[in-house]
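*Asks:* Here is a sequence together with a model predicted from it:
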There are 2 protein chains.
Amino acid sequence: MSSLPISARSIPFPTSTRKGSVGTVPISPWDSLYFAGCPDLIGTPFSYAREEEIYGEAEEAEFVYKLLDGAVRTHKILSDGRRQITGFHLPGELLGFEQQDRHRHAAEALTDTRMLIFRRRQIERMAACNATVACQLWSLTARRLRDAQDHMLLLGRGSAMERLVAFLIDLDLRLGATGTFVLPMSRRDIADYLGLTIETVSRLMTQLEVDGALLRCSGRQLSLHRTHLDRLIAF
Amino acid sequence: MSSLPISARSIPFPTSTRKGSVGTVPISPWDSLYFAGCPDLIGTPFSYAREEEIYGEAEEAEFVYKLLDGAVRTHKILSDGRRQITGFHLPGELLGFEQQDRHRHAAEALTDTRMLIFRRRQIERMAACNATVACQLWSLTARRLRDAQDHMLLLGRGSAMERLVAFLIDLDLRLGATGTFVLPMSRRDIADYLGLTIETVSRLMTQLEVDGALLRCSGRQLSLHRTHLDRLIAF
DNA sequence: CGAAACCTTGAGAGCTCTCAATGTGAGTGG
DNA sequence: CCACTCACATTGAGAGCTCTCAAGGTTTCG
């Protein structure tokens, strides 16, 4: 394994055409620099500020991002302004990885984030001649598909309360299953993810607290009562 | 390319453990016997009757199916009976292709169908050592993901009318874009796909006909007026 | 022709949305 | 430290869309 400074690697550093700034905090472990376990691909550290756009819908998919720190939302927007958030991304997860040349949705930083950037073409070239890499990409996409199908079930057949509860439980699991966490996203983001309005989300949160299914310290700081919440959903 | 009779190939024919029956109609073109353009994999013809189960949810994913003729629905069911149809599959499309060992949804024949069956493990083995095959599998899964995300937008942010119109337009495109076709599925199937009830679907169909956006000959036989329908949606 | 499944239509209820007002918290400047 | 602002969140009242329940009509199939 090379221990050259990151900036000395051959991957060009994206600058003028991109928003965001260079990550200055040292990245560790080194392992996380690798993409799909492939030591020939090393990511470039990069960071985005809260609410900053990472890429736009239909923009050319030049980079792939591995989130180290923070949180990201991806979304689609209709001509009349309606928005559907297609997913929230937490540390360790990948985003922007399209199988075609253009992004299918936009991505924005929910909080200040640090990530690694990889060139998509380089990864594709690697996959084209390395079956192991290709299978890992397939695996990543398959997992996304499973998530999307589960979310379809929630959106198509869940009540507003079921959608919210399922969302909270899922988020807790992905943040370490401690039952206590700070929501990285606004009520609007939650509403646009669950196909609801912010008012409905707010009312349901209040109802959950009144029913003793969760505690709120400051709006976004939550403590879930899993046994109580689990009884509210069939998903 | 071998021209041996199909039954002489080495792929074991699924019998006792499976419903359905052997396809007797000769398959053509030969090309369609191949999976992912790979001549080492030849499918076994098979057929299912209307409403017959092809595989169940959580069942072991032993086979992959390439639909030659007919139509198939895949769905998930909740403990209380609510059902979400995750997709309709038409001739030329693949189904049952999981990246893990178990199916994530059930599949049933909407009409009498003919298909080709491939052994999943054999395909996986092929992908593990052939990057081209692996990339094609990745590509297939990526396309499904795109469809699922588009459907999420529809379910999360579309009105009942928008969901129905988008569905009809999509179906028309996939059936040849002639503007005239026979719905292979019932109102209940449509409702469970769009997250609606059969009554709502029925009322909207009537309204579309009254508004001159489509013609109905016999319930399921439709003629769409694309220009009229296109004005009704933002998707 | 009869039966069963499927589809349509109607009336009323309920859930979620819309519109509007109030409350809360973080950041800023006096 | 306080007042102010602005974004975000909560709460309320009423409207509207879709669902539920029910009945009647249509198609399919034996």
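*Replies:* Here it is on my side, so go on.
*Asks:* Show the contacting residues for A:Ala131.
*Replies:* Applying Cβ atoms under 8 Å, 6 or more residues apart in numbering or on different chains to A:Ala131 gives the contacts B:127-131, B:133-134. In this view, the C-beta of every residue, glycine as well, is placed from N, C-alpha and C.
*Asks:* pLDDT weak spots in chain A?
*Replies:* Applying pLDDT under 70 to the predicted model, the residue ranges of chain A that meet it are A:1-34, A:36-39.
*Asks:* Contacts only, for the most centrally placed residue in it.
*Replies:* Ranked by distance to the mean C-alpha position of chain A (Cα atoms, centre = their mean), the top residue is A:His89 at 1.2 Å. Remark: with contacts taken as Cβ under 8 Å, 6+ apart, A:His89 is in contact with A:67, A:71-74, A:95, A:107.
*Asks:* Which ChimeraX command selects the buried ones in those?
*Replies:* Applying 16 or more other Cβ atoms under 10 Å in any protein chain shown to the contacts of A:His89, the buried members can be selected in ChimeraX as follows:
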select /A:67,71,72,73,74,95,107
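*Asks:* Out of the contacts of A:His89, which comes closest to DNA strand C?
*Replies:* Distances from these to DNA strand C were compared by Cβ to the nearest atom of the strand; the smallest belongs to A:Ala71, at 16.8 Å.
*Asks:* does the closest one really touch A:Gly92, like I thought?
*Replies:* No - applying Cβ atoms under 8 Å, one finds A:Ala71 not in contact with A:Gly92, separated by 11.4 Å.
*Asks:* care to break chain A down by domain?
*Replies:* Domain assignment for chain A, taken from automatic domain parsing, gives A:6-152, A:158-230.
*Asks:* just so I know, which of the ones you listed lies nearest DNA strand C?
*Replies:* domain A:158-230 (3.1 Å).
*Asks:* can the closest one be found next to chain B?
*Replies:* Yes - applying Cβ under 8 Å from any Cβ of the partner chain, one finds domain A:158-230 in contact with chain B at A:192-195.
*Asks:* Next to DNA strand C, which bits of chain A? Give me the list.
*Replies:* Within chain A, the positions adjacent to DNA strand C are A:159-161, A:195-197, A:199-200, A:218-219 by Cβ under 7 Å from any atom of the strand.
*Asks:* cutoff 6 Å now
*Replies:* For chain A, the contact set with DNA strand C under Cβ under 6 Å from any atom of the strand comprises A:159-160, A:196-197, A:199-200, A:218-219.
*Asks:* so can I have a markdown table of the residues you listed showing secondary structure?
*Replies:* Putting these into a markdown table (DSSP: H, G, I helix; E, B strand; the rest coil) gives the following:
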| residue | secondary structure |
| --- | --- |
| A:Ser159 | coil |
| A:Ala160 | helix |
| A:Leu196 | coil |
| A:Thr197 | coil |
| A:Glu199 | helix |
| A:Thr200 | helix |
| A:Ser218 | coil |
| A:Gly219 | coil |
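*Asks:* Where do the strands of chain A begin and end?
*Replies:* Here chain A has its strands, by DSSP state E, at A:34-35, A:38-42, A:44-48, A:53-55, A:63-69, A:72-77, A:83-89, A:94-95, A:106-109, A:113-119, A:180-182, A:214-216, A:221-224.
*Asks:* Tally up the residues packed near the residue nearest to A:Ile169 when sequence neighbours are not counted, please.
*Replies:* Beyond its immediate neighbours in the sequence, the residue positioned closest to A:Ile169 (Cβ to Cβ, 6 or more residues apart in numbering or on different chains) is A:Leu229, lying 6.0 Å away. For A:Leu229, the tally of surrounding residues (other Cβ atoms under 10 Å in any protein chain shown) stands at 20.
*Asks:* these two touch, right, A:Leu229 and A:Asp170?
*Replies:* No - the pair A:Leu229 / A:Asp170 is not scored as a contact, 11.1 Å apart, by Cβ under 8 Å.
*Asks:* out of the strands of chain A, nearest to B:Gly176?
*Replies:* Distances from B:Gly176 to each of these were compared by Cβ to Cβ, and the smallest falls on strand A:72-77, at 27.4 Å.
*Asks:* for chain A, what's the longest helix?
*Replies:* In terms of residue count, the longest helix belonging to chain A (DSSP state H) is helix A:131-157.
*Asks:* Against A:Leu196, how distant is A:Leu116?
*Replies:* Summarising the geometry, the distance separating A:Leu116 from A:Leu196, computed by Cβ to Cβ, to the nearest Å, is 34 Å.
*Asks:* Neighbours of the closest residue to A:Arg144 other than its chain neighbours, how many?
*Replies:* Leaving out its chain neighbours, the residue that sits closest to A:Arg144 by Cβ to Cβ, 6+ apart is B:Leu145, at 5.4 Å. Neighbours of B:Leu145 under the rule other Cβ under 10 Å: 23.
*Asks:* and B:Leu145, what does it touch?
*Replies:* With contact set as Cβ under 8 Å, 6+ apart, B:Leu145 has these partners: A:141, A:144-145, A:148.
*Asks:* next one: A:Ile54
*Replies:* By Cβ under 8 Å, 6+ apart, the contact list for A:Ile54 reads A:20, A:48, A:65, A:72, A:95-96, A:107-109.
*Asks:* how close does it get to A:Arg203?
*Replies:* Applying Cβ to Cβ to A:Ile54 and A:Arg203 gives a distance of 32 Å.
*Asks:* before we move on, what about A:Arg121?
*Replies:* With distances taken as Cβ to Cβ, A:Arg121 is found 47 Å from A:Arg203.
*Asks:* Check A:Arg119 too.
*Replies:* The span separating A:Arg119 from A:Arg203 equals 46 Å under the rule Cβ to Cβ.
*Asks:* Looking at those two, which is more packed in?
*Replies:* Taking A:Arg119 and A:Arg203 together and counting by other Cβ under 10 Å, A:Arg119 has the greater number of neighbours (18 against 15).
*Asks:* Make sure that one is actually in contact with A:Glu62.
*Replies:* Yes - with contacts counted by Cβ under 8 Å, A:Arg119 reaches A:Glu62, the gap being 6.9 Å.
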